[in-house]
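> Here you go, sequence then predicted model.
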Amino acid sequence: MRQQRHSFLLDRMLGKLCIKLRMLGMDAKLNPEGEAGRFLVNAMKEGRTAVTRARSQGDRPGPRPVVLSSSDTAGQIVELFAAIGEVPRFEPFTRCLECNELLVETPEEAAKGRIPPNVEKTFHRFHGCPACGRVYWEGSHFQAMTDEVKRIEAQLKKH
């Protein structure tokens, strides 16, 4: 069973950060389209930490959001965890990058038809999203993503 950790609601301008946090195994959602005015209320209702780059969000009623100033995602991750005073415990590649659900091991047979034919021939271990049906495997991109996780962890250790 996974330990409960911080969960985040990010405003729409932080889409790349949202995907990176999911890649790291963090519970991260984007504020729904068209609900910018309800951003802090949505975060409060869902028990999430609100994260934004908009300084004006801090002036609205409700819990104060974490306001980031960094423009690159690795810097934003460092800034975010410094602001909440938490040392992150990453579980990389355990969440769907598309919809944030926890991934489950998916049998090879169940992945067939949902992956490209060349992947069916080459790979035999898959994880799938029970919500959106997306299938993941350790393809050519996996090493680059693993290296990125290591870079982010190293940057966090410096701060």
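Thanks, I have the structure now.
> For Glu109, give me its contacts.
Listed by CB atoms under 8 Å, 6 or more residues apart in numbering, the contact set of Glu109 is empty. The way it works is simple: take the backbone N, C-alpha and C, and place the C-beta from them, glycine included.
> Helix or strand: which one has it?
Taking DSSP states H and E as the definition, one finds Glu109 inside helix 108-111.
> Can I get that helix as PDB, trimmed to CA atoms?
Coordinates of each C-alpha in helix 108-111 appear next as PDB, following Å, rounded to 0.1, in the frame of the first residue of the first chain:
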ATOM      1  CA  GLU A 108       0.700  -8.900 -22.500                       C
ATOM      2  CA  GLU A 109      -2.500 -10.200 -23.900                       C
ATOM      3  CA  ALA A 110      -4.500  -7.300 -22.500                       C
ATOM      4  CA  ALA A 111      -2.100  -4.800 -24.100                       C
END
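> For the protein, just list every one of the strands.
7-10, 27-30, 49-52, 66-67, 104-106, 126-128, 135-136 (DSSP state E).
> Determine which of these approaches Asp147 most closely.
strand 135-136 (17.3 Å; CB to CB).
> Return the set of buried residues in stretch 23-33.
Met23, Leu24, Gly25, Met26, Asp27, Ala28, Lys29, Leu30, Asn31 (16 or more other CB atoms under 10 Å).
> quick one on the thing from earlier: in JSON lines, list the strands of the chain along with mean pLDDT.
Putting the strands of the chain into JSON lines (pLDDT from 0 to 100) gives the following:
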{"stretch": "strand 7-10", "mean pLDDT": "96"}
{"stretch": "strand 27-30", "mean pLDDT": "98"}
{"stretch": "strand 49-52", "mean pLDDT": "96"}
{"stretch": "strand 66-67", "mean pLDDT": "94"}
{"stretch": "strand 104-106", "mean pLDDT": "96"}
{"stretch": "strand 126-128", "mean pLDDT": "96"}
{"stretch": "strand 135-136", "mean pLDDT": "96"}
